[in-house]
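sequence unknown, structure follows:
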């Protein structure tokens, strides 16, 4: 089974530090993009890709690979960074984000970048596609897993709740949803724009397997993903409490950095802080 | 009278199911109406019931397609097109091998009334890249269109009728993607026509009636069946514009965006010196029998005859 390199957790900590730098630099170079939500999911994606995902960056159509869908597609700088680090394409390509002809589109595009399982960006559609993939795995008696990353603002979309109903009905224990619960969306805090509180209670009532974790604690992420794989008969919902802009103090929980690219001065400041604290 | 095209679809997937084990069917609580129940009963492991939740059904269909299945995702056409954003992203943009089957097209459904009548779906679907749009006219054409959709790798939208349809194609008919076909012309094979009538879907039999009526009165008209609406047969428009005084289009769809629009686009782009008279629905529908509605909304044979003869000056 092909797997990416498996660094120790301490190494992963260093890697996520470097990935944060790359996220800042690529969005700076693009001149637009979403640093807040990218920094809030990078730890989750790093643990998933390095420690749990069954994948082969050199064979992206391998039928038995695990599937990842970034339903909150605007956070793709984080996904692109993890993909570059795990060998899908050269790191230098990260700086082509959002440029004409680049496979690194402003939101993930599966037709342009091998390794992207589903094109997303219009919020709310990713989990449904994940359900289809998980159903196909069951039908074909394959043991690949499907992982879907949802944003918390995204959960306001009605289609997500249709999907929340359906996955337990079909007994999709090969489907893991991770909620990036950073309480930020473009117009303000999620709990003021349209509250989605008690998500774990709601999903428990929908018959999902529930875990709550700190989405920046690499050990907790690792354990939650490991436990999810052991659940039988139910899809798994991991509510990850995260901090929008995590790692850069002036971006943290500051909605101004949801969809704004840092200019050089701010980017330098951000990188210096990440390196100092990392 | 032949079968409804939705019934022919139900037959077609049964006939194709064994040879194509990757075919699966998705329903949203309308399997009795979309005619997928025989498939569900014979192949329960290949049938997925999503409840009244079409967006999720469409997205899940895309996910199944991305893992090698050939999903037929069925509902009333109006309830599918109501989820256009999901279709845009999951079917078209993702270029998935999904087959969307919208039954109960147009005012031809009759008594159920406006909320159940898809009248805008062709306009929306035709505007999507990577989406093939087909509206077969009878059982024979429907079966061939379904078989074509299974063989074709890509998203397909099939628009089907609730009401029974006359068989307008003989047993030797061969469906071709992107091609319209002449289904009726006067036996005298005239060199010049007062009108060429392009028809699609529900009103095709009415167009046939109109052409026969015209012939009885000494006017020459042919009927062209347009099943393939995207890609569309621009060449047929060019060809028939040369021997016809006018082109008349007839469809059970809003006057904007469907067959009439496709014909006008082709005629304009190819500088065809021919007027196009469009017949379509100009409002929402209402409850009544299909026959009453086709008469009231201008889709029945007498209206088509009038459109062929009307003084355009």
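Received it, and whenever you're ready, just let me know what you need. This structure is a prediction, so every number in the text was calculated from the model and none was measured.

now for the longest helix along chain A, which elements pack on it?
The longest helix of chain A (DSSP state H) is helix A:9-30. With contacts defined as 3 or more Cβ pairs under 8 Å, 6 or more residues apart in numbering or on different chains; DSSP states H and E, the packing partners of helix A:9-30 are helix A:35-47, helix A:76-85, helix A:218-228, helix A:264-277. For every residue, glycine as well, the C-beta is placed using N, CA and C.

Kindly reformat those as JSON lines containing mean neighbour count and mean pLDDT.
Converted to JSON lines, these look like this (neighbours: other Cβ atoms under 10 Å in any protein chain shown; pLDDT from 0 to 100):
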{"stretch": "helix A:35-47", "mean neighbour count": "28", "mean pLDDT": "98"}
{"stretch": "helix A:76-85", "mean neighbour count": "26", "mean pLDDT": "98"}
{"stretch": "helix A:218-228", "mean neighbour count": "19", "mean pLDDT": "98"}
{"stretch": "helix A:264-277", "mean neighbour count": "15", "mean pLDDT": "96"}
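
what would these look like in a markdown table with distance to chain B?
Shown next, in a markdown table, are the helices and strands packed on helix A:9-30 (distance: least, Cβ to the nearest Cβ, whole Å):
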| stretch | distance to chain B |
| --- | --- |
| helix A:35-47 | 19 |
| helix A:76-85 | 15 |
| helix A:218-228 | 19 |
| helix A:264-277 | 31 |
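
Return the residues in contact with residue A:130.
Taking Cβ atoms under 8 Å, 6 or more residues apart in numbering or on different chains, we find residue A:130 in contact with A:67, A:69, A:71, A:118, A:146, A:147, A:148, A:163, A:175, A:177, B:63.

same thing with residue A:274?
Residue A:274 is in contact with A:17, A:20, A:21, A:24, A:247, A:248, counting by Cβ under 8 Å, 6+ apart.

same thing with residue B:139?
By Cβ under 8 Å, 6+ apart, the residues touching residue B:139 are B:2, B:3, B:5, B:7, B:8, B:11, B:165, B:167.

I'd like to know how far the first one sits from residue B:36.
In this structure, residue B:2 and residue B:36 are separated by 20 Å, where distance is defined by Cβ to Cβ, to the nearest Å.

Have a look at these two and say which one is more surrounded.
More neighbours surround residue B:36 than the other of residue B:2 and residue B:36, with 25 against 18 (other Cβ atoms under 10 Å in any protein chain shown).

Skipping adjacent residues, who's closest to the more buried one in space?
Spatial nearest neighbour of residue B:36, chain neighbours left out: residue B:25 (5.0 Å); criterion: Cβ to Cβ, 6 or more residues apart in numbering or on different chains.

can you give me the strands in the stretch 51-200 of chain B?
B:70-76, B:99-103, B:131-134, B:155-159, B:181-184, B:193-200 (DSSP state E, counting those that start in this stretch).

The stretch 151-278 of chain A too?
Under DSSP E, counting those that start in this stretch, the stretch 151-278 of chain A gives strands at A:175-181, A:184-185, A:188-189, A:209-214, A:236-241.

Kindly reformat those as TSV containing mean pLDDT.
Formatted as TSV, the strands of the stretch 151-278 of chain A follow (pLDDT from 0 to 100):
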stretch	mean pLDDT
strand A:175-181	98
strand A:184-185	95
strand A:188-189	96
strand A:209-214	98
strand A:236-241	98
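
Out of the ones you listed, which is closest to residue B:104?
Nearest to residue B:104, of all the strands of the stretch 151-278 of chain A, is strand A:175-181, at 32.5 Å by Cβ to Cβ.

Direction included, what does the closest one pair against?
Using DSSP bridges, the strands paired with strand A:175-181 in its sheet are strand A:146-151 (parallel), strand A:236-241 (parallel).

Might you report the residue contacts of residue A:127?
Contact analysis of residue A:127 by Cβ under 8 Å, 6+ apart lists A:69, A:71, A:148, A:150, A:159, A:160, A:163, A:164, A:167, A:177, B:59.

Neighbour count and distance to residue B:210 added to these, as TSV?
Converted to TSV, the contacts of residue A:127 look like this (neighbours: other Cβ atoms under 10 Å in any protein chain shown; distance: Cβ to Cβ, whole Å):
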residue	neighbour count	distance to residue B:210
A:69	28	51
A:71	30	51
A:148	30	53
A:150	28	54
A:159	25	44
A:160	25	49
A:163	30	48
A:164	24	52
A:167	30	52
A:177	26	56
B:59	36	42
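
Report the closest residue of the stretch 201-313 of chain B relative to chain A.
Residue nearest to chain A within the stretch 201-313 of chain B: residue B:230 (19.5 Å; Cβ to the nearest Cβ).
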